[in-house]
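Undergrad: coordinates for the following, if possible.
(one chain, ligands or ions: 1)
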Amino acid sequence: MKKLYTILLPVAVVFAFSACTFDKVEVPEEQNHPHVVACGDTTHLPTTKIIRVSDYTFSPDTVTISNGDTVRFVWISGVHTTTSTSVPNGATTWDKPMDATNCIYEHKFTVNGTYNFQCTPHSVVMFGAIIVQ
Ligand SMILES: [Cu+2]
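TA: This is a model prediction of the structure:
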C-alpha cells in the first residue's frame, strides 16, 4: 500500500500544478451540435473564438461574433488583464487578470453591439474590440 502512495503522490502533485492546463478542456462535441441539422437549416450554432494574450498584443485584437457566441482569452506570456472599457447597454462588463495562474477567461456575449476592451497596465498598446451582431 505504501508503494502505491509513493507512486500516486507525485502524480497528484503534477495534477495540482497543472490545473491551469486542465482549464483548457474543449467544449464537448455534442454541445456544439445540440440538434440534428436538416437540409436548408442555417441556424447559427454557438461557437468560441480565441483571442491570444501576449507581450503586448491581443491577437486578433478585433473579432466579430454572433449573439450567443463565446470569446476565450488565452494567456500566452507576460502579466496582463482583459478589461472591458465600454459595453452596450444592459451587457455585462468584465475585468480579469491574464497571467500564468489565470490563463483562461471565457466570456459569453448575449447583447448585440460593440465591446471595447484593454489590458489595463498596457492600455496604450493593448486594446481591442468585440463586435456582436
Ligand atoms: Cu498587458
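Undergrad: okay, CA-based contacts and neighbour counts for the rest of this
TA: Will do.
Undergrad: just the helices in this protein please.
TA: With DSSP state H as the criterion, the chain has helices at 2-17, 19-22, 29-32.
Undergrad: show me what contacts the residue in the chain positioned nearest to the ion?
TA: Closest approach between the chain and the ion, counting by C-alpha to the ion: residue 80, at 3.7 Å. Contact analysis of residue 80 by C-alpha atoms under 8 Å, 6 or more residues apart in numbering lists 53-54, 97-99, 119-122.
Undergrad: chain neighbours aside, what residue packs nearest to the residue most central in space within the chain?
TA: In the chain, the residue lying closest to the centroid (C-alpha atoms, centre = their mean) is residue 72, at 1.8 Å. With C-alpha to C-alpha, 6 or more residues apart in numbering as the criterion, residue 72 has its nearest non-adjacent residue at 4.3 Å, and that residue is residue 106.
Undergrad: need the pLDDT of the residue nearest to residue 48 when sequence neighbours are not counted.
TA: Leaving aside its sequence neighbours, residue 48 sits nearest to residue 70 (C-alpha to C-alpha, 6+ apart; 4.6 Å). On pLDDT, residue 70 comes in at 98.
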